[in-house]
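In: sharing a sequence plus its predicted fold:
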Amino acid sequence: MTADSDSHIAWQRAQLKKLRAALKAIEADQLGKANCGRATQMTIDELQRKIGESGRCIAEYERRTRRPLATDLGSLASVSWTHWNANMPMAKAPRHRA
């Protein structure tokens, strides 16, 4: 995994890792039980909601900033370039002739 230049996305990735570990621990604890309590189910639902939010935030960031890794014509042609804003050329000022 590459380092993130955006600290918000780096925080979201760290949160996603923590939330998934917490959810896995709770589900492993509930594995042998026939029925989990209401509080436990609410905790699981809340963790799943937060995981979804972080995942959507990261996915949206990656759609905006990632370039295609392949360089063949088919891969490049299928990419939507309208939302990619990294390294955009500066607009040149019109030249006036004297």
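Out: Alright, I've got the coordinates.
In: in stretch 40-53, what counts as buried?
Out: Neighbour-count burial for stretch 40-53, counted by 16 or more other Cβ atoms under 10 Å, picks out 44, 47, 50, 51. C-beta here means a position set from N, CA and C on the backbone, and glycine is covered the same way.
In: with stretch 24-41 instead?
Out: 26, 36.
In: which other residues reach it?
Out: 43, 44, 47 (Cβ atoms under 8 Å, 6 or more residues apart in numbering).
In: ok, of the residues you listed, which one's closest to residue 57?
Out: Relative to residue 57, the closest of the contacts of stretch 24-41 is residue 47; by Cβ to Cβ it sits at 15.8 Å.
In: returning to that earlier point: now the contacts of stretch 24-41 in a markdown table, please, with extra columns for secondary structure and distance to residue 25.
Out: A markdown table is the format used below for the contacts of stretch 24-41 (DSSP: H, G, I helix; E, B strand; the rest coil; distance: Cβ to Cβ, whole Å):
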| residue | secondary structure | distance to residue 25 |
| --- | --- | --- |
| 43 | helix | 11 |
| 44 | helix | 11 |
| 47 | helix | 10 |
